[in-house]
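# fold the following.
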Amino acid sequence: MLPRCLGWSLTFYVPQRDAKEHAGASGLPRLPAAELESAVLDQLRAVLRAPNLLGDMLPQAIKFDPSLDEAKITVAMTRVDAIWDQLFPAEQTRIVKLLVEKVIVSPNDLEVRLRANGIERLVLELRPEPVEQTEKALA
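Purely as a prediction, here's the structure:
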């Protein structure tokens, strides 16, 4: 335990099995939060940049909102990755919660499970609003 007088402390993720049963039950160590969160974000950003994702997602997104097309979705996905570091931490957290359903850590692997409709919901939130809606909101 670090003394509080230093003004900072380390945060760790404890495996669920350890929390439910007893320390060491999972066989996994406590994981430093910064390292685990960085690994999850790296995987998430790679997914958002993946070209095959667009092909898989486009039909579902169009069903959800017929005004979407490939160009709008591509722009929205590249905007997220390009501006990620400039977002407030609360907004970054909101986007991660929107996209990620669960993170599974095993001794040899890190699996990030995405929500079924998370990317579609993110695209809808990131699309530019029509000028009419913006003017109504300002009035």
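# residue ranges with poor pLDDT in the protein?
1-10, 57, 123, 126-139 (pLDDT under 70).
# which residues in it form helices?
Secondary structure of the chain by DSSP state H: the helices cover 16-20, 33-49, 51-64, 70-83, 89-99, 118-126, 131-138.
# indicate which one of those is closest to residue 27.
Smallest distance to residue 27 across these (C-beta to C-beta): 8.6 Å, for helix 16-20. C-beta: built from backbone N, CA, C; applies to glycine.
# now the closest one, how far from the chain's geometric center?
Remark: helix 16-20 is offset 24 Å from the chain centroid, using C-alpha atoms, centre = their mean, to the nearest Å.
# still on that earlier bit, mean neighbour count, the helices of the chain: which tops it?
The highest average neighbour count among the helices of the chain, using mean count of other C-beta atoms under 10 Å, belongs to helix 118-126 at a mean of 18.
# contacts for that helix next, please.
Residues outside helix 118-126 that contact it (C-beta atoms under 8 Å, 6 or more residues apart in numbering) are 48, 53, 57, 60-61, 64-65, 68, 72-73, 76-77, 79-80, 95, 98-101, 115.
# so that helix versus helix 33-49, what angle?
Computed by axes from the mean of the first three to the mean of the last three C-alpha atoms, to 10 degrees, the angle separating helix 118-126 from helix 33-49 equals 80 degrees.
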